[in-house]
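Engineer: sequence unavailable; structure follows:
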């Protein structure tokens, strides 16, 4: 294991990587199938993100961004699901990077235990490169621009008719709360994933979360028929965006990292963006006795939504659905992370952080004063819209 490279661990601290960084020797073998990209010369950066090995590489012809996944996390078929969506988005004007194809036309390269993908590395700034997930935007302007970029992505996603993804770790789908019986849907979700199917802690915490969130599901349920199905990103946080420059007024130029993408709906995607950027969840782990002290950035919330609606105004049903969806959206991804930690890393400790810390404790937080304040802000936006329409 590398003594120099560290990753962002689940608690926000630095840790040894779960997957060793790739080497120049590996890249030489990979790039033989990509003659237009040249030979690898130097690994310029190594990503601190935990679920794969990734970094910017200088070749003899250009810079590229390369990701290497263990096949148990993303096999060739799994990456192709993402790449087809990205290709559709690019063809329809979304701010998405190009994925390069090999000489034989493949964008997902299987080699031994690994699956590789190579993206363009544009002339853009990774302002949040060292920021851990669940970190806030640095400025209101960044939040506004991120919202507008997400709206452009949603407009471009229309017409992509692929079905929902197969059960895989680390995908943020929307099935458990998408119908009238969350307990039955949760049972199907767990049964489809061997590492979760017979895990008593996961089963009990899932039922606890569903019961804690029952009022939000009841609020969302009558609105579900008015939320059109759409392939979505499901992981829009500040560090999954590349920016025009490093200033406080920088504009979002590219949305990256489509690993969590799936067929959900636009409100589910916006809710994830709120959940990822507006609430500083890592503070919950640092001071468990004072969950009310978690910082919540309501100024960034309004900027994010204002930016979004400057491009794609929400319907009345979408606006009304946003509050309950924000409380519900993380449950399914927390289970997907537990699946990854149990099935791929074989770590009960990390899995418990997901199925208890990030699922049950987040659910409880939404029932407290700070959670209420966040959801109330969203409901007030929706009510204001209704008042304007009536006048």
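Structural biologist: Received it, and whenever you're ready, just let me know what you need. Just so it is clear, the structure is predicted and the values come from calculations on it, not from any experiment. Numbers count the residues shown, from 1 in each chain.

Engineer: please count neighbours and contacts with C-alpha atoms only from this point.
Structural biologist: Fine.

Engineer: buried sites along the lengthiest helix in the chain?
Structural biologist: Criterion DSSP state H: the longest helix present in the chain is helix 369-390. For helix 369-390, the neighbour count (16 or more other Cα atoms under 10 Å) marks 370, 371, 374, 375, 378, 379, 381, 382, 385 as buried.

Engineer: and stretch 223-237, by the same measure?
Structural biologist: For stretch 223-237, by 16+ other Cα under 10 Å, it's 224, 227, 230, 231, 232, 233, 234, 235, 236, 237.

Engineer: same question for stretch 314-321.
Structural biologist: Applying 16+ other Cα under 10 Å to stretch 314-321 flags 314, 317, 318, 319, 320, 321 as buried.

Engineer: what does it contact?
Structural biologist: For stretch 314-321, contacts defined as Cα atoms under 8 Å, 6 or more residues apart in numbering pick out 219-220, 223-224, 226-227, 267, 378-379, 381-383, 385-386.

Engineer: I'd like the average pLDDT over it.
Structural biologist: With pLDDT averaged residue by residue, stretch 314-321 scores 98.

Engineer: so residue 106 is in which element?
Structural biologist: In this assignment (DSSP states H and E), residue 106 forms part of neither any helix nor any strand.

Engineer: ok so, going back, among the buried residues of stretch 223-237, which ones are in helices?
Structural biologist: Counting by DSSP H, these contribute nothing to helices.

Engineer: thinking again about what came up before, which of the contacts of stretch 314-321 sits closest to residue 156?
Structural biologist: residue 267 (15.4 Å; Cα to Cα).

Engineer: show me the contacts for the closest one.
Structural biologist: Residue 267 neighbours (Cα under 8 Å, 6+ apart): 227, 318, 321, 322, 325.

Engineer: ditto for residue 250
Structural biologist: Counted by Cα under 8 Å, 6+ apart, residue 250 has contacts 141, 142, 243, 244.

Engineer: inside strands: which ones of the buried residues of stretch 223-237?
Structural biologist: Among those, DSSP state E puts 230, 231, 232 in strands.

Engineer: just to check, the first one is in contact with residue 265?
Structural biologist: Yes - between residue 230 and residue 265 there is a contact at 4.7 Å, judged by Cα atoms under 8 Å.

Engineer: quick one: mean pLDDT over stretch 124-140.
Structural biologist: Here the average pLDDT along stretch 124-140 is 89.

Engineer: buried ones in it?
Structural biologist: Applying 16+ other Cα under 10 Å to stretch 124-140 flags 125, 126, 127, 128, 131, 132, 133, 134, 135, 136, 137, 140 as buried.

Engineer: check contacts around the first one.
Structural biologist: It refers to residue 125. Applying Cα under 8 Å, 6+ apart, the residues near residue 125 are 242, 243, 244, 245, 246.

Engineer: please consider this matter closed, and thank you.
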